[in-house]
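Asker: Sequence plus predicted model, see below.
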Amino acid sequence: MARRKSEGHCLKLEGSQTVFEAAELQRRLIEFLGTPPPWRVDVTQVEYMDTSCAQLLLAARLQSDAERPFEVIGLSPDLDRHLTRINCVL
């Protein structure tokens with residue numbers, strides 16, 4: 001299972017983020033979004049992400065606004081290409 005930890009206002013994700021980790025990611029995002037903004041999710045160490053986890057990050061981003069910014073940082077070129085291929089731009 002991928003390890004997740006929050007540091008300040010940055011939630012770091014690691015390993016594979018798939019349907020098998022989605023419930024835990026959802027729980028962690030809800031907890032994380034309960035902290036004061038701005039919010040950043042660091043995916044530098046993510047090896048693979050499927051649509052279930054990408055949708056959770058997209059849903060969190062869609063809840064943000066100018067006063068409550070949400071940002072996904074650290075997308076590798078491979079992960080960015082994969083997410084673009086599944087029509088999910090974070």
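Answerer: Structure received. Numbering: from 1, shown residues only.
Asker: buried ones in the strand or helix carrying residue 72?
Answerer: Residue 72 is part of strand 70-73, with elements assigned from DSSP states H and E. For strand 70-73, a neighbour-count test (16 or more other Cβ atoms under 10 Å) marks 70, 72 as buried. (Each C-beta comes from the backbone N, C-alpha and C, glycine too.)
Asker: what about it, average pLDDT?
Answerer: Averaged across strand 70-73, pLDDT comes to 94.
Asker: Check which helices and strands the strand or helix carrying residue 20 sits against.
Answerer: Using DSSP H and E, residue 20 sits in helix 19-32. With contacts defined as 3 or more Cβ pairs under 8 Å, 6 or more residues apart in numbering; DSSP states H and E, helix 19-32 has these neighbours: strand 4-7, strand 10-17, helix 51-62.
Asker: Just the mean pLDDT for the longest one, thanks.
Answerer: For helix 51-62, the per-residue pLDDT values average out at 94.
Asker: got it, and the shortest one?
Answerer: For strand 4-7, mean pLDDT is 46.
Asker: quick one: secondary structure of the residue nearest to residue 54 when sequence neighbours are not counted?
Answerer: In space, and not counting its chain neighbours, residue 54 is closest to residue 88: 4.4 Å by Cβ to Cβ, 6 or more residues apart in numbering. Three-state assignment for residue 88 (DSSP: H, G, I helix; E, B strand; the rest coil): coil.
Asker: about what we covered before: any chance of the helices and strands packed on helix 19-32 in CSV, with mean neighbour count and distance to residue 76 too?
Answerer: Conversion of these to CSV gives the following (neighbours: other Cβ atoms under 10 Å; distance: least, Cβ to Cβ, whole Å):
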stretch, mean neighbour count, distance to residue 76
strand 4-7, 13, 18
strand 10-17, 19, 12
helix 51-62, 17, 14
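Asker: of all the ones you listed, which lies closest to residue 34?
Answerer: Proximity to residue 34 (Cβ to Cβ) singles out strand 4-7 among these, at 10.8 Å.
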